[in-house]
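> give me a 3D structure for the following:
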Amino acid sequence: MLTKPVNTLPKTQKKYQLKLPSQAGNLSIIRGLVTKVAAQVGLDADEASKIELAVDEACTNVIKHAYGNSQGQMLDILIKVEKNKLVIIVSDKGKGFNPSRVKTPDLSESIRAGKKGGLGICLMKTLMDKVDFEIKPGLKNQVRMIKYLT
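Got it, this is the predicted structure:
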C-alpha cells in the first residue's frame, strides 16, 4: 500500500531518527527530514539550508570514508529538538579517523589547484555552531552537530 509523503511534522515531536543503508541515493531523504525539522523549530530557509549542507557533508563522509562506498552498511541519523538548540548526530560503525589530524584546508590553494573534496569537516564547523566527534572504529563513530536557536 502506498501512502502520501508527510509534508509536515508533528509539533509535539522532539526526536527524529533515520536508519538507512549508506547509499548516496538516500541523502535526499536525510536532507528532506533535516529541512522539515529546521522549519518546524522556526529557522529560516537560509539557516535550514546551512544545516542541510552540514548534515549532507557528514553523511557523505560516512558513505565515502567510513564505509568505503560499501552499500551494505547502515547510516544512523538522530535529530533532537531541545529547548534552545537543534542537535543532529550522525553515527556509523565503519572505519574511524582521528579528527585532530584533519588539517584545516587552505581554501585559496584548493581553488587554485582545482582540488575537489577535503572540505567536509571545515564546512560542518563553519555552518554549525558546534561540532564534536566521538570515534570508536568498528563500534560506533559519531559526529554531533549543534545549531543554537535564538
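
> for the protein, which helix or strand comes out least confident on mean pLDDT?
Least confident helix or strand of the chain, by mean pLDDT, DSSP states H and E, is helix 107-113 with a mean of 54.

> buried stuff in the helix or strand that comes right after it?
The helix or strand immediately downstream of helix 107-113 is helix 120-127, counting by DSSP states H and E. For helix 120-127, burial by neighbour count (16 or more other C-beta atoms under 10 Å) applies to 120-124, 127. Every C-beta, even on glycine, is put in place using the N, C-alpha and C of the backbone.

> so which elements touch helix 120-127?
helix 45-61, strand 130-136 (3 or more C-beta pairs under 8 Å, 6 or more residues apart in numbering; DSSP states H and E).

> so which of these is the most surrounded?
Here the criterion is mean neighbour count by mean count of other C-beta atoms under 10 Å, and of the helices and strands packed on helix 120-127 the winner is helix 45-61, at a mean of 19.

> what's the mean pLDDT across whatever helix or strand comes next after that one?
Later in the chain than helix 45-61, the nearest helix or strand by DSSP H and E is strand 74-81. For strand 74-81, the mean pLDDT works out to 96.

> just how off-centre is strand 74-81 within its chain?
Distance, stretch centre to chain centre, for strand 74-81: 8 Å (C-alpha atoms, centre = their mean, to the nearest Å).

> could you pull out the buried residues of that strand?
75-81.

> reformat those residues as a markdown table; add distance to Cys59.
A markdown table is the format used below for those (distance: C-beta to C-beta, whole Å):
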| residue | distance to Cys59 |
| --- | --- |
| Leu75 | 6 |
| Asp76 | 10 |
| Ile77 | 7 |
| Leu78 | 12 |
| Ile79 | 12 |
| Lys80 | 17 |
| Val81 | 19 |
